[in-house]
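In: Attaching a predicted model along with its sequence, questions to come.
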Amino acid sequence: MAFACLFRDVQPALLRYLRVIAPEAAEDVAGEIWLQVVTGLAGFRGGEEAFRGWLFTIARHRAVDWGRSRARRRTVPLAQSGVAERLAAPDAADVALERMSTQAVLALVGALPRDQAEIIVLRVVAGLDAQVVARIVGKSPGAVRVAAHRGLRRLAEAVDRAGVTR
Amino acid sequence: MDGFLFPGRCGGGLDELVLDVLLDGQPLPPDVPEQAYLVAEMLACLAGPAVPGELAGQAAARAAYARAAAWAGRGAAAGVRARLAAGAAAAVLGLGGAAAAFAGALPGPVQDLAHQMIGAPPAGRAPAGRAAAYLLCGEYERALAQGPASASADASQKLAMAAGGASKIGAWCAAAGRPGLGPAARSAGNPKPQPGNAKTAGQKPRGKARGQAGQESGGKATGQAGQESRGKATGQAGPAGQESRGKATRHAGQSGTRRAGP
């Protein structure tokens, strides 16, 4: 039962993170991550915050591995196909207050530059603090803060342009 | 998205401090631009409860965990300890077991194995924190309301250990935020209904996307420890085990970032 609670607590956040950094393979990569997590879980000593930091560190490694193996398999130039395979272009108008949905906002975030998108998800969805996020993404805490701010401003601009009001 | 790469108006008037507040999920100060409230709403949505489909893969993950836990038991000295480990895993993973483990309420050797397996406190320590107590009392309430008498007797025993005696359960659970378990409630088998969300003390007002849309987490004694999973547990998070928990509602705890509505 402990594991079921753990899974239910973390899996939505994990999937949302993976949709941003490994969009076509979120569920598959999540499965690999849980395999690694359960193997190490018996020896894990930290509390909930430490656990999430650990899990999302694993998540990023797995997603990077997936990205590399995908790049090796690719037969068309990466830049071209990356755009083609993107999730359907998000519509900022979908974020109108009365229709606001998790998926719509996630799509908007997914359209941000990758570093901004993943940092926002790690801070806001995974609930990790700036220091932990900095370690996970390999940047300084200052750079993490700048990227997060840029991302939030872009989100604000996007809904502004779409004329969304409260 | 059209024009997304060409910033139009600047992210108007959202200064660094407001952005930090938004990232931390803290209540917005007064006199912030309208835009800040909209971004706060978006972030609350982004971190909202599980939507259907986001809990898929649980069965496969749980099967992998059961195998890993059984293996950890076998890794210790064989023979008696291995049997004890299998029994401990069953206790830990069964109804109330994990909550009892974190409350330090299992019998000594079993508690020590839970300590090794899931990082629960080792035997001999005082019950850990209000959160564990809240969970344990919640398990018991649900067992009283739904389960067979054997489940509630079991949960009652664990609670008595944690609380320091059966007569202390009511007060102990009340202190942990579940006041419906006084002696009258227990003997009548009819506890007052409690709010469903198990919010642990100290949780951030907005934050992690938790799978708590209307869920009841108790009631299912699965006891899967030590069980070899037959069939295809390949770690692929397929749709098996998808749990539809009714309407996903927004986290009540996010109200701090919203202005009082019109």
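Out: Perfect, thanks for sending it.

In: residue ranges with poor pLDDT in the stretch 1-150 of chain B?
Out: B:1-12, B:72-135, B:147 (pLDDT under 70).

In: same thing but at 80, please
Out: Counting by pLDDT under 80, the low-confidence segments of the stretch 1-150 of chain B come to B:1-13, B:69-143, B:145-150.

In: Equivalent analysis for chain A, please.
Out: Within chain A, the stretches with pLDDT under 80 are A:1-2, A:73-100, A:161-166.

In: Where does residue B:144 sit: helix, strand or coil?
Out: Under the three-state scheme (DSSP: H, G, I helix; E, B strand; the rest coil), residue B:144 adopts helix.

In: Find the nearest non-adjacent residue to it, please.
Out: Leaving aside its sequence neighbours, residue B:144 sits nearest to residue B:152 (Cβ to Cβ, 6 or more residues apart in numbering or on different chains; 4.9 Å). Glycine gets a C-beta too; all of them are placed from N, C-alpha and C.

In: Give me the distance between the one you found and residue B:167.
Out: The gap separating residue B:152 from residue B:167 is 17 Å, by Cβ to Cβ, to the nearest Å.

In: ok, residue A:103 to chain B distance?
Out: Distance, residue A:103 to chain B, using Cβ to the nearest Cβ, to the nearest Å: 7 Å.

In: State the three-state secondary structure for the closest residue to that residue other than its chain neighbours.
Out: Excluding its sequence neighbours, the residue lying closest to residue A:103 (Cβ to Cβ, 6+ apart) is residue B:51, at 6.8 Å. Recorded secondary structure, residue B:51: coil (three-state DSSP).

In: backbone phi and psi for residue B:51, please?
Out: Per-residue torsions, residue B:51: phi -100, psi 160 (degrees, to the nearest 10).

In: what about it, how many residues close to it?
Out: Neighbours of residue B:51 under the rule other Cβ atoms under 10 Å in any protein chain shown: 18.

In: who's more crowded, residue B:152 and residue B:167?
Out: Legend: neighbour count by other Cβ under 10 Å for residue B:152 and residue B:167, higher for residue B:152 (23 against 10).

In: Now the more buried one: which helix or strand?
Out: Assigned by DSSP states H and E, residue B:152 belongs to helix B:149-163.

In: Buried ones in that helix, by neighbour count?
Out: Of all the residues in helix B:149-163, those buried under the rule 16 or more other Cβ atoms under 10 Å in any protein chain shown are B:151, B:152, B:154, B:155, B:156, B:158, B:159, B:160, B:161, B:162, B:163.

In: could you say what helices and strands the helix or strand following it packs with?
Out: Scanning forward in sequence from helix B:149-163 by DSSP H and E, the next helix or strand is helix B:169-175. Judged by 3 or more Cβ pairs under 8 Å, 6 or more residues apart in numbering or on different chains; DSSP states H and E, helix B:169-175 is in contact with helix B:129-146, helix B:149-163, helix B:183-188.

In: Need the nearest residue in space to residue B:140, chain neighbours excluded.
Out: Counting by Cβ to Cβ, 6+ apart, residue B:140 lies nearest to residue B:155, which is 4.1 Å off, once chain neighbours are set aside.

In: so how far is residue B:146 from that neighbour?
Out: 11 Å.

In: same thing with residue A:121?
Out: Distance of residue A:121 to residue B:146, given as Cβ to Cβ: 37 Å.

In: Looking at these two, which has the bigger crowd around it?
Out: Neighbour count, other Cβ under 10 Å: between residue A:121 and residue B:146, residue A:121 has more, with 29 against 12.

In: Name the SS class of the more buried one, please.
Out: Using three-state DSSP, the structure places residue A:121 in helix.

In: That one touches residue A:14, doesn't it?
Out: No: between residue A:121 and residue A:14 there is no contact under Cβ atoms under 8 Å: 10.0 Å.

In: Which helix runs longest in chain A?
Out: Longest helix in chain A by number of residues (criterion: DSSP state H): helix A:48-73.

In: Flag every buried residue along that helix.
Out: For helix A:48-73, burial by neighbour count (16+ other Cβ under 10 Å) applies to A:51-56, A:58-60, A:62-63, A:66, A:70.

In: could the residues you listed be laid out in CSV, adding distance to chain B?
Out: Shown next, in CSV, are those (distance: Cβ to the nearest Cβ, whole Å):
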residue, distance to chain B
A:51, 9
A:52, 7
A:53, 12
A:54, 12
A:55, 11
A:56, 11
A:58, 13
A:59, 13
A:60, 17
A:62, 12
A:63, 14
A:66, 14
A:70, 17
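
In: hang on, the earlier thing: surely the residue nearest to residue A:103 meets residue A:106?
Out: No: assessed by Cβ under 8 Å, residue B:51 is found out of contact with residue A:106, at 9.7 Å.

In: Quickly list what's touching both of those two.
Out: Common neighbours of residue B:51 and residue A:106, counting by Cβ atoms under 8 Å, 6 or more residues apart in numbering or on different chains, are absent.
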